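S.K.: Got a sequence here, can you build the structure:
(4 chains)
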Amino acid sequence: MSKELRVNSKYIDQTTRIPFKFNGKTFYGFKGDTLASALLSNNVHLVGRSFKYHRPRGIMTCGSEEPNAIVQVSNDPSLTEPNVRATEIELYEGLEANSQNCWPSVNFDIGGINNFLSPFLPAGFYYKTFMWPASFWEKYEFFIRHSAGLGKAPTKPDPNIYDHQYAHCDVLVIGGGISGVIAAKLSAEKKLNTILLDDKKDLGGVSIYNNDDNFKINDQNVSKWLSNEIENLKKYPNLSIKTRTSLAAFHGYNYLLARENLTDHLNVNDRKDKIRQRLWKIRAKKVVIATGAIERPLIFNNNDRPGILLSSSIKKYIDYYGVKCGTKISIFTSNDSAYETVLSLYKNGVKINSIIDIRDKSESLIVKKVQDIGIKIYWKHTVVNTKGYKRINSVELMKLNEKGTGVIGDKINESCDCLGISGGWTPMVHLFTQSGGKLEFNRIDNMFIPDENKSPSEQISVGSCNGDLELDDIIKKTNLKTKEFLDINTSIFDSLKIQNSKEKNKKNIWLLPSDKALGKTKPFLDFQNDSTAKDVKLALREGFKSIEHVKRYTTTGMGTDQGKLSNMHALGIIADTTGTNMGELGTTTFRPPFTPLTFGAIVGRNVGQFFDHTRYSAMHNWHETNGAKFENVGQWKRPWYYPKNKESMHEAVQRESKAARDSAGILDASTLGKIDIQGTDASEFLNRVYTNAWSKLQIGKCRYGLMLNEDGMVYDDGVTTRLGENHYIMTTTTGGAANVLNKLEDYLQTEWPELDVYLTTVTDHFSTISICGPNSKKIVNKMIPDLDLSDQNFPHMSFKNSSINGVRCRVMRISFTGEHSYEINIQSNYAKNVWEMSMEAGKEYNITPYGTETMHLLRAEKGFIITGQDTDGTLTPVDLQMDWIVSKKKYDFIGKRSLYRSDTIREDRKQLVGLITEDPNEVLEEGAQIVEDLNKKPIEMLGHVTSSYFSPNLNKSIALAVVVSGKNLRGKKLFVPMENKNINVTITDTVFYDKENKRLNA
Amino acid sequence: MFVINCPFCGERDQSEFSSGGEAHIIRPKQPTELSDDQWAEYLFMRKNIKGVQFERWNHAHGCRKWFNMIRDTSNDKIHAIYKMGEKPPIV
Amino acid sequence: MKNKYSVFSLIKNAFSHHENWQRAWGDPEPKKEYDAIIVGGGGHGLATAYYLAKKHKITNIAVLEKGWIGGGNTGRNTTIIRSNYLWDASAGLYDHALKIWEGLSQELNYNVMFSQRGVMNLAHNLQDVRDLKRRTHANRLNGIDAVWLNTNEVKKFCPIINTSQDIRYPVLGGTLQKRAGTARHDAVAWGYARGADALGVDIIQNCEVKGIKRNGKEVIGVETSKGFIKTKKIGVVAAGHSSVIANMAGLKLPLESKPLQALVSEPVKPVIDTVVMSNAVHAYVSQSDKGELVIGAGTDSYVSYTQKGSHNVVEETLRAILELYPIFSRMKMLRQWGGIVDICPDASPIISKTQIKGLYFNCGWGTGGFKATPGSGDLFAHTIANDEPHKLNAAFNINRFVSGDLVDEHGAAAVAH
Amino acid sequence: MLNLETSIQGNKSYNNLTISEVEPVIKINLRSKKREFSAKIGKILSIIPPVESNMSSINDNYSLLWLSPDEWLLYSNNKISNYEEQINLEDKLFNQISKLNQGAVTNVTDHLVMINLNGNKIYDLLSKGCPFNFNDFMSKKGSVAQTIVNHTDVILHNINEGNLNLFVRRSFSKHLWSWINDSARFI
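M.R.: Have a look, this model is predicted:
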């Protein structure tokens, strides 16, 4: 720290020195400094290089609008963060920051050559070039991409934790400056549940360091009065104050997102296991926006040099941080507010060279005070140029002509090491417009302010974000508006005595003239993106008319500061050039977030294990203990196969498949959806939702059903069992369970409310253990000796109520494998025990647990479809050769009408068939295409392979496929063309194994 | 995220609901008697109004009840909510 | 063309401080009558006008744009271009477009920055693998350059993807189309506008269509905010607002207009050199030339014309992004925005005549229309000029919703993009 | 008798916060649009199904939660000691309601898992992943909400301020349990 650049400040802790590193060099600052104030106190202005021309750039502001001083924080590959504003980084021990977009260093940057090429790089130059030779764009692009970009992304995963929290309040106050504090106090006093947010570490905004004697509230300094008010806020239990919390987005229905920073200001070692950022999701009945205003720069030739800062920022650095931005400062302004900076600097003993004011005069109190001190003021002058490559060293000024369109007289040279600029104020209306609010243009102060009549929700804007720029207006109007908004009669702020200087003379010039032609100057608008007033004029010349076009063509306002400093000037220059009224021109859209928001904060803790739900069956632990590999089916973890002794998947599946047919297999089928259907119209309901008829199904019997979409395509399938006269249980596919229930509820509630039917999901209540194979009967008999398993008593497609060791179960004799098979449905809390019992009972029969892969193989041997694998939403039951399941007698069912459209009745649709390969060992790839004529151009694809396996029971490869007119092509030889070979296949029946269904009763 | 006033549960966050598209498209009682054109009209054709639209919503993660909503699709403002089977209120 | 663009013209103009560049396109008032009117000045509409003038020599055309050209979905999309669609009809349509993209900068003398950096689609479950392989085989046989990559090859092609098999939905492989890539969206609209303007097309901005005037079963003109304009042919390319225009003509379309959101991060140095899409873990990402990560989110399920969607959709997308790219957690979202996408029940577009003579619709592009811009314009121009579809868009007629002959591309289009 | 194995089998304590699986408790889903239903339930259980939305009726043995105008969830206030209790209740209700076409009775004892949350920070904890507004709910005894917690459907039954029962589907319960415990670290 340079002692010459530090003065006393009560707002930061000047007793605690903190070391930090910038570009590898160690510096010191105080606790309470930002990186920017600490660098300035070390006389470091040059912090970065600009995006396009790599011009040296310095710290320009003290807040979130900073376009230049954006740095890479931390050298740790997992913690490094690009593009952080030095003005927002609170200094901490261990801070390492580096300049971005420069090589080899910010002091000597090779890319600086672009500055000399700048005449050839006007706005949109890349649209006009890099087109030859035709194939070379990607080669040009490689260089463009590497010279673009700012900082670097981390290269390792982020170890930090991010959190979310919903909050519901009566009143949300955004911004803890003087208006926010007033509004929050009124709200809290009215006993409303209130939240007050501010993005800084303390409340108070700019007024908290306003010790200027020209401003008084009840005869106190503004600073003193406000700190008392803030202290008083703490007593309200119904007021929650969140600092370091930045409002990110204001969505419809007063839904707002705010990011709270919890650890970035802590010493690196104090952050462990703490949440780094929390995203607040706030639903507020009413919102008070008190986000203030930011100062505008002035647009003149070479206005971008290090050492040029917004005048109000110079004031904050001296008053709040106790840092002098220079030792010989000039001020360039269009308004009175810069004179407050002058007084602060003067009070702190900083030399002020001169003030350059574009106005003819100013008759306000504060200007008079400055004049009394004897500081030279150049009235009606403008800066026409600045000098100094890495730090400003002088300004050149000239007198403005009457209209302000040109300069006259002699050039005056003033040396300085810092220039404060002030072009007036821009109310922060971003949140208002984000929420859908419309703006109106205030011609007196040349600013857009909220149009109160077009407020989209319960909200008000108060203070300078509402266009009230002077202390008395701010306080009085905030008080009045808040009272009205919250329905308050009298307020403690009604009778405040306020004293302040009033601005009387106003003048605004969007683009200040120079003695040189515009073409030869560099008046920057968007400092980060290096777009100048020239670029805007070029865009207009080329016919880009809309502000959005100009923005996109010149990239003005598209930097990380989102154009907070540049948008108004761009608009002003367009309006001036085209002779349009700014109000009619409108603004560009302010898109959320207000300031950039980490992906981490948006995602919260929903990363890693919490990325998505994981659903487990009641037997999951058993599967895990017994070495199952799992398949993700929807959100479920299903056993895929159970490898033994380092078996490959193929080996395991072959073994499981064989065991299931040779002796016994056992499958956890709990994930299938189960819907309990009750009501006097239950049968009628099933008639309407399935393609087949249900009324005649006997109690105790099961039936397979196919469900269509209204457009006639197969949607879901499963077995439904009639438990009683008016009682069924329906099963659905695993993946379709939720959708089927929603769809059925929809029909029931909206189309058929007259039906007496109730649907209740019991998917998780019952676990399902499926035991199949020739020995399944013996195993079930051991487990449930009381149950008569004879075919007469308990035939295929029927069910019995029973119990195992006193616990009720439902046993269905249904089969998805073609084997003699039972499904035991038992309450989930007992399921693991029953599974273990089954394993024990089946031990002597080598009962083999099998997973989804074997299940798929076994059913494919039998030609049973899997919806979603063999169907894809484009197949009708007829296409599946399942005409038998479509009732011709029923008047209607979901999707019936669609089966009779001109396209769905075509005979040459794709139809489900079986395929066998010429080489029985050749297993087709699922998804492979099928053709008849390999030489036809373009090649004609007849269909594709939907399921394919090597069948251990048939000892050959089998497949299911859909093929154009497949129904009539049995025996036809076709080809499956692969990348490196063509496979010969023959169309067969879809049933490969046990065509007579003998095994069902074996 | 809207706040939706479920006619059964009261005001809830939009994330508890699912949208069911245009309301008052009645499933034809006798589909077999419709021409392909008429059936397509029911199946696919939508008003897709910019402005005040009648639509169906379901409190999917709450009471599971379907209801109707009158909403302005040009600004997402909800004008009214009414139960299935009820006549739409005049807005 | 007035100013031909080249590096030489750029240097030449540098000496006059770029003060002699001419307008890229004019700002005319509408004439009383045109041979054809295109409603909608997005990429598709401008391309339609360009090809009508260039290939069909119909130059007395106006493009009517309610706001500013390219301000709708053209300027709001995430600029992905690919042709790896499943069905023959779609593959034909999108590959036709891709072939035009490959020479578009030269054709228009405007650098649209078409960058063939490849598009990779990831598979995260076994059905994904089946579906993507099916698509890859179909693409290959249709002459589209798609290849299947196993997990290691995916990792090699894009090293920052988390291919650990321990994550919730591990990457099981993917397909890659190398000819696919991205382009600069604004440049497409501007390039076509400049090209069409040079051929005599009137581009009329801030001109809202208020009504379609008919004489019985044929159109006779449009009512606009700038008065009545006579014409016998109206091509509507109004994207999310297609139904609004259709309603003016008394037509209903099989469309719903829904919010679709996208976002960009702050710019960083090159970190991902291709486009990666994933259906099951719903996210896709690429990096712009400027360095921003360009990320597409999903659609909301309700109709809205607000160009705003739910925050949840953005949150879910970024959740998926961090699952696949955990190194992006400290990256920051710079901007987020929404568009209005017109979605067909089969996720395929409509490029078609209607039952009203002289009224044509090009709509239903849903979440993925940008990639088709040149092909869509070319085929729509053909359809308008000949009053008959080209064979490449015959399948995309409006009548398919009656016959049931849908072109179901939910699989290929599942990630909103 | 078979071994009973509930889904979570755990309870955890944090600062001013306890989270525990309370199982087995009987849970029965009741559906009806019939007028006689309410009286019938009253007779069987000595408790009337609440008609006020988002509310419950509670007696010594049972709680009966409003889920929708034609749906209620009945659960036993205490853990059951034997299987028969559950079956007897199910049968009694089924025979007198379902069988007589007065509505639908469905045993969901193992479909749902009941987790008790205790402590004054439980609403903050849930609010980490739940958009529901607890401001009025928390001080209201017996209030009920069906909502989502970290993307999972739940039924919340507020016993007293700072004490609530959460019901979640069994297959989702382990995941939600982990999430709740992870969240509790930051309360």
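S.K.: Find the closest residue to chain A in chain C.
M.R.: C:His17 (2.5 Å; Cβ to the nearest Cβ). Bear in mind the C-beta positions are built from the backbone N, C-alpha and C, glycine included.
S.K.: Secondary structure class of the closest residue to that residue other than its chain neighbours, three-state.
M.R.: Closest residue to C:His17 apart from its sequence neighbours, by Cβ to Cβ, 6 or more residues apart in numbering or on different chains: A:Gly519 at 2.5 Å. When classified by DSSP: H, G, I helix; E, B strand; the rest coil, A:Gly519 comes out as helix.
S.K.: which ones are touching A:Gly519?
M.R.: Going by Cβ atoms under 8 Å, 6 or more residues apart in numbering or on different chains, A:Gly519 touches A:534, C:16-19.
S.K.: make it 10 Å
M.R.: A:Gly519 makes contact with A:119, A:122, A:534, A:537-538, C:14-19, according to Cβ atoms under 10 Å, 6 or more residues apart in numbering or on different chains.
S.K.: go on, C:Leu122?
M.R.: Taking Cβ under 10 Å, 6+ apart, we find C:Leu122 in contact with C:128, C:132, C:149, C:151, C:154, C:158, C:161, C:163, C:169-175, C:276-281, C:283-284, C:324, C:415.
S.K.: Then it would be within a strand, right?
M.R.: Yes. Assessed with three-state DSSP, C:Leu122 lies in a strand.
S.K.: Kindly provide the distance from it to C:Lys269.
M.R.: 24 Å (Cβ to Cβ, to the nearest Å).
S.K.: where exactly do the strands run in chain B?
M.R.: Applying DSSP state E to chain B gives strands spanning B:3-6, B:10-13, B:18-22, B:52-58, B:66-72, B:77-83.
S.K.: The fifth one near chain A at all?
M.R.: Okay, so that is strand B:66-72. Yes. If you take Cβ under 10 Å from any Cβ of the partner chain as the test, strand B:66-72 does meet chain A, through B:66-68.
S.K.: any chance of those residues in CSV, plus neighbour count and pLDDT?
M.R.: Below are those laid out as CSV (neighbours: other Cβ atoms under 10 Å in any protein chain shown; pLDDT from 0 to 100):
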residue, neighbour count, pLDDT
B:Trp66, 21, 98
B:Phe67, 25, 98
B:Asn68, 24, 98
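S.K.: For the contacts of A:Gly519, work out which two are farthest apart.
M.R.: The largest separation in the contacts of A:Gly519, counting by Cβ to Cβ, is between A:Lys537 and C:Phe15 at 17.2 Å.
S.K.: Of these two, which one has the most company?
M.R.: Neighbour comparison, A:Lys537 and C:Phe15: the larger count goes to A:Lys537, with 22 against 11 (by other Cβ atoms under 10 Å in any protein chain shown).
S.K.: Pretty sure the residue of chain C closest to chain A sits against A:Lys520.
M.R.: Yes. Applying Cβ atoms under 10 Å, one finds C:His17 in contact with A:Lys520, separated by 6.7 Å.
S.K.: who touches both of these two?
M.R.: Taking Cβ under 10 Å, 6+ apart as the contact rule, C:His17 and A:Lys520 both touch A:119, A:534.
S.K.: And these two? Which one has more around it.
M.R.: Neighbours per residue (other Cβ under 10 Å) separate C:His17 from A:Lys520, with C:His17 holding more: 16 against 12.
S.K.: just to revisit the earlier point, among the strands of chain B, which is the most enclosed?
M.R.: Sort the strands of chain B by mean neighbour count, taking mean count of other Cβ atoms under 10 Å in any protein chain shown, and strand B:66-72 sits at the top with a mean of 22.
S.K.: Between the contacts of A:Gly519, identify the one with the most neighbours.
M.R.: Neighbour max across those (other Cβ under 10 Å) = A:Lys534, 25 neighbours.
S.K.: And that residue, how far from A:Asn115?
M.R.: 15 Å.
S.K.: cool, and B:Ile81?
M.R.: 61 Å.
S.K.: Please apply the same query to A:Thr763.
M.R.: Applying Cβ to Cβ, the value for A:Thr763 to A:Asn115 is 67 Å.
S.K.: between the two, who's got more neighbours?
M.R.: A:Thr763 (26 against 19).
S.K.: helix, strand or coil for the more buried one?
M.R.: Looking at A:Thr763 with three-state DSSP, the answer is coil.
S.K.: So it versus A:Tyr830, what's the distance?
M.R.: According to Cβ to Cβ, A:Thr763 stands 16 Å off from A:Tyr830.
S.K.: Over to B:Thr73?
M.R.: In terms of Cβ to Cβ, B:Thr73 sits 51 Å off from A:Tyr830.
S.K.: before we move on, what about C:Glu256?
M.R.: According to Cβ to Cβ, C:Glu256 stands 47 Å off from A:Tyr830.
S.K.: How about the secondary structure of A:Cys325?
M.R.: Secondary structure, three-state DSSP: A:Cys325 is coil.
S.K.: For the residue of chain B most remote from its centre, give me the pLDDT.
M.R.: Seen from the C-alpha centroid of chain B, the residue lying at the greatest distance (Cα atoms, centre = their mean) is B:Glu33, 26.2 Å away. B:Glu33 is assigned a predicted lDDT (pLDDT) of 92.
S.K.: got a list of what it touches?
M.R.: A:897, B:39.
S.K.: and chain D, which residues reach chain C?
M.R.: Those residues of chain D that sit near chain C, judged by Cβ under 10 Å from any Cβ, are D:131, D:151.
S.K.: Poorly predicted segments of chain D, please.
M.R.: Judged against pLDDT under 70, chain D has no low-scoring part.
S.K.: three-state assignment of C:Ala385?
M.R.: helix.
S.K.: Tell me the spacing between A:Asn821 and chain B.
M.R.: Heads up, residue A:821 is Ser, not Asn. Computed as Cβ to the nearest Cβ, to the nearest Å, the A:Ser821 to chain B distance reads 34 Å.
S.K.: Report the beta-bridge partners for that residue.
M.R.: Beta-bridge partners recorded for A:Ser821 (DSSP bridges): A:Cys772.
S.K.: Now do the same for it: its pLDDT.
M.R.: With respect to pLDDT, A:Ser821 has a value of 97.
S.K.: Also C:His417?
M.R.: Predicted confidence (pLDDT) for C:His417: 55.
S.K.: Same check on A:Val106?
M.R.: Looking at A:Val106, its pLDDT is 85.
S.K.: For burial, what's the neighbour tally of it?
M.R.: Other residues near A:Val106 come to 23 when the count uses other Cβ under 10 Å.
S.K.: Setting aside sequence neighbours, what's the nearest residue to it?
M.R.: A:Ser99 (3.8 Å).
S.K.: For the one you found, give me its contacts.
M.R.: A:22-23, A:46-49, A:57, A:69-72, A:86, A:105-107, A:109, A:151.
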